[in-house]
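Participant: I would like to see how this sequence folds:
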Amino acid sequence: MLEDIDPVYDITTPLDLDYYDVLADLPADALEWRKKTREFTSGLDDRMAGHWERGEYPTDLIGELGRRGLLTDGVDVDGVDEAVTTLSPLAAAMVNMELSRLDGSVGTMLGVQGGLAMRTLAYFGSEEQKAEHLADLATGRTFGAFALTEPTHGSDSVSLETTATLIGDEDHGHYVINGAKKWIGNGASGGLTFTWARVSGGEFDGKVRCFMIDQATKGYSAEVIRGKASLRAIDQALISYDDVEVPASAVLPGSVSFASASEVLFATRLGVAWSAVGHAAAITETALNYARQREQFSKRLGQFQQVQERLTWMVSELTSMQLHARRATELDAEGRLTGPQASLTKYHNTRKARAIAQVGRDMLGGNGILLENKVIRHMADIEAIHTYEGTESVQSLIVGRDLTGFSAFA
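Facilitator: I've put the predicted structure just below:
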């Protein structure tokens, strides 16, 4: 039998490596939400490997995440729905970390639905808008999308070209939206798209505001982007707005400039940093499991000096990531986290995760490129989190401006 020829290794079991006990003394609520998230992810490894390979978006998991209260990402949802509760920053961090430990696409489901779409509504929506839609987004009954990036404006998102032309007055008129967006998670899901556009006319002429658009609205068309080599188990869309007409009530009244969009992105950067910790932990633990079991030259890999040195390096980098993320999250909980500090955390952690992925993949040799062994999936997915919600270059310019007092943005 062929299965008797190829050795089988138990290398995807979590080891919870935490060399400095960075996560050992978390508050009880954070530990409990970490446990709840682990319960959700348990047993999903093979399923996610299949979805990733086939490029399938398992949308049922959005609803399951919502029913378990795992979509809120620290957004204030008290009183919204009995199924959800507001998580502390550290509790939300553990959810982010554990979902990405399973799979980058699942981690991004949270980032898109809770971190971006739901947060936008919670921050800037009217009481009426929140009463109508926040519970459905928090529980996954409605899919949410955050549409900022455009085909010709990625890092230069402040220069977005999508327009919202006011017809009539701001209280009783309507807006006509034209333009395009790209890389929009859930943008073709049939839900709500929180669209950032530059206003033409009225009090906010020239300003960027957010519009809540039902994807069934005439003139809104979206297609799923194919051919991705990263985050293959979640859909991103290319969206076209062709004279999309929405009432004045579609505007989120609290969104008054591009700074509003930046506020959402600032709030989600810690989530990305914790996602990087989850990816790096999964890779490091897989490499360690493999080193303990794989035999070469009549010895376990873990008995070789070079392998031990590599594992030590990986654990040291993972520990650094844990320390960065925890300290930044504590500052966030105290209301003292600054934008540049959040940028530095993302900058540091996604860079470290990329480096760990390279070493971990190499340690597994040929087995490192098999999807079932997870490392190559994590390696590819890290490329996406390294880019989205602010590239490495953008984060470095934010920190550099804070350090020097000079803006180097073009």
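Participant: pull out the buried positions in the longest helix seen in the chain.
Facilitator: In the chain, taking DSSP state H as the definition, the longest helix is helix 258-293. Across helix 258-293, burial judged by 16 or more other CB atoms under 10 Å covers 258, 260-292. The C-beta positions use only the backbone N, C-alpha and C, and glycine is treated the same way.
Participant: now the helix or strand following it: mean pLDDT?
Facilitator: Sequence order places strand 295-296 as the next helix or strand after helix 258-293, per DSSP states H and E. Averaged across strand 295-296, pLDDT comes to 83.
Participant: what's the next secondary structure element after strand 295-296?
Facilitator: strand 299-300.
Participant: how much distance is there from that next one to the middle of the chain?
Facilitator: A distance of 39 Å separates the centroid of the chain from that of strand 299-300, by CA atoms, centre = their mean, to the nearest Å.
Participant: list the helices and strands it packs on?
Facilitator: Where contact means 3 or more CB pairs under 8 Å, 6 or more residues apart in numbering; DSSP states H and E, strand 299-300 is packed against helix 258-293.
Participant: and the helix it packs on, what does it pack against?
Facilitator: helix 89-102, helix 104-110, helix 119-124, strand 208-214, strand 299-300, helix 305-333, helix 339-363, helix 375-387.
Participant: in the longest one, what's buried?
Facilitator: Think helix 305-333. 307, 310-311, 314-315, 317-322, 324-326, 328-329, 331-332.
Participant: quick one: buried residues of stretch 359-375?
Facilitator: Those would be 359, 360, 361, 363, 364, 367, 368, 371, 373, 374, 375, for stretch 359-375 by 16+ other CB under 10 Å.
Participant: I figured the fifth one was touching residue 284, is that so?
Facilitator: Pointing back at residue 364 there. No - contact between residue 364 and residue 284 fails when scored by CB atoms under 8 Å: they sit 11.9 Å apart.
Participant: got the buried residues of stretch 359-375 as a markdown table, with pLDDT and distance to residue 249 columns?
Facilitator: Shown next, in a markdown table, are those (pLDDT from 0 to 100; distance: CB to CB, whole Å):
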| residue | pLDDT | distance to residue 249 |
| --- | --- | --- |
| 359 | 96 | 53 |
| 360 | 96 | 50 |
| 361 | 95 | 50 |
| 363 | 93 | 56 |
| 364 | 92 | 54 |
| 367 | 90 | 56 |
| 368 | 90 | 53 |
| 371 | 88 | 46 |
| 373 | 88 | 51 |
| 374 | 90 | 46 |
| 375 | 94 | 48 |
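Participant: wait, which of those residues is closest to residue 35?
Facilitator: Nearest to residue 35 among those: residue 374, at 21.3 Å, using CB to CB.
Participant: correct me, but that closest one touches residue 44?
Facilitator: No - if you go by CB under 8 Å, residue 374 and residue 44 don't touch, sitting 11.6 Å apart.
Participant: what are the structural domain limits within this structure?
Facilitator: 9-138, 145-257, 259-404 (automatic domain parsing).
Participant: not counting its neighbours along the chain, what's nearest residue 201?
Facilitator: Nearest residue to residue 201, sequence neighbours excluded (CB to CB, 6 or more residues apart in numbering): residue 166, at 3.6 Å.
Participant: check which element follows the helix or strand containing the one you found along the chain.
Facilitator: Assigned by DSSP H and E, residue 166 belongs to strand 163-167. Sequence-wise, the next helix or strand downstream of strand 163-167 (DSSP H and E) is strand 174-185.
Participant: pLDDT of the strand holding residue 166, averaged?
Facilitator: 95.
Participant: same for it, what does it pack against?
Facilitator: Against strand 163-167 (3+ CB pairs under 8 Å, 6+ apart) you get strand 174-185, strand 192-200.
Participant: can you tell me the strand partners of it and which way each runs?
Facilitator: strand 174-185 (antiparallel), strand 192-200 (parallel) (DSSP bridges).
Participant: would you turn those strands into JSON lines with distance to residue 384?
Facilitator: Listed next are these as JSON lines, based on distance: least, CB to CB, whole Å:
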{"stretch": "strand 174-185", "distance to residue 384": "9"}
{"stretch": "strand 192-200", "distance to residue 384": "20"}
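Participant: using a markdown table, lay out those together with mean neighbour count, distance to residue 400 and mean pLDDT.
Facilitator: Converted to a markdown table, the strands paired with strand 163-167 look like this (neighbours: other CB atoms under 10 Å; distance: least, CB to CB, whole Å; pLDDT from 0 to 100):
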| stretch | mean neighbour count | distance to residue 400 | mean pLDDT |
| --- | --- | --- | --- |
| strand 174-185 | 21 | 25 | 96 |
| strand 192-200 | 24 | 25 | 96 |
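Participant: roughly how far apart are residue 308 and residue 353?
Facilitator: As judged by CB to CB, to the nearest Å, residue 308 and residue 353 stand 22 Å apart.
Participant: check the offset of the worst-scoring helix or strand of the chain on mean pLDDT from the chain's centre.
Facilitator: When the helices and strands of the chain are compared on mean pLDDT, DSSP states H and E, strand 295-296 comes out lowest with a mean of 83. In this view, strand 295-296 has its centroid 38 Å away from the chain centroid, taken as CA atoms, centre = their mean.
Participant: where does the stretch 1-150 of the chain dip in pLDDT?
Facilitator: For the stretch 1-150 of the chain, the stretches with pLDDT under 70 are 1-4.
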